[in-house]
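[1] Coordinates for the following, if possible.
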Amino acid sequence: AALSLCKFLVETINVDFDNILDGNGRSARTIATANLSKDMQMWARSVGCFLGRYSIDKMVHKSATCTVYFATDEWELKKKDDAKVAIKILTKEKHFQSELQSRIQSASVAVGSDSEKSSEIDKCLDALLNAILSEKC
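    Numbers count the residues shown, from 1 in each chain. Below you'll find the predicted structure:
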């Protein structure tokens, strides 16, 4: 019931989850992330995040083709070393496809002479590319 109420207040009524404070100076987000319910904790950490997962820390690069941000993966906070990520947002699909192909080639080279593994990686990456392009996120 508490999670449903929080979702309603934040998502429907647009209550400011970070700036409304209780008598002890704690935000609603701080209180919700300390809740015993894992579902409440995950929801509270992801509210307002990019793709419901990444809290943007700062922009570190901007060009005609992309913008790069440093961010924190709110789903990986327990693994502090894995929680810091870079997010690259490309402005045009052709730039995205070029970037992805470059990374596919790099992954294939990294596998080296093991052609069976390389072929499997190529198949997986091609499937990923097709899935991403069909979603048109």
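
[2] Restricting to C-alpha, output stretch 63-74 in CSV.
    The C-alpha coordinates for stretch 63-74 follow below in CSV (Å, rounded to 0.1, in the frame of the first residue of the first chain):
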residue,chain,number,x,y,z
SER,A,63,29.6,17.5,-30.0
ALA,A,64,27.5,17.7,-33.2
THR,A,65,27.0,13.9,-33.1
CYS,A,66,26.7,13.0,-29.4
THR,A,67,26.5,14.0,-25.7
VAL,A,68,28.3,12.0,-23.0
TYR,A,69,27.3,12.0,-19.4
PHE,A,70,28.8,10.4,-16.3
ALA,A,71,26.0,8.7,-14.3
THR,A,72,25.3,6.3,-11.4
ASP,A,73,23.6,3.1,-12.1
GLU,A,74,21.0,3.0,-9.2
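
[3] Could you give me the buried positions within it?
    For stretch 63-74, a neighbour-count test (16 or more other CB atoms under 10 Å) marks 69, 71-74 as buried. All C-beta atoms are positioned from the backbone trio N, CA, C, and that covers glycine.

[4] just stretch 84-93 next, same as before
    Residues of stretch 84-93 classed as buried: 87, 90 (neighbour count, 16+ other CB under 10 Å).

[5] for this protein, what spans make up the helices?
    2-7, 28-33, 38-46, 80-83, 93-111, 115-135 (DSSP state H).

[6] Out of those helices, name the one with the poorest average pLDDT.
    Here these differ in mean pLDDT, and the lowest is helix 115-135 at a mean of 63.
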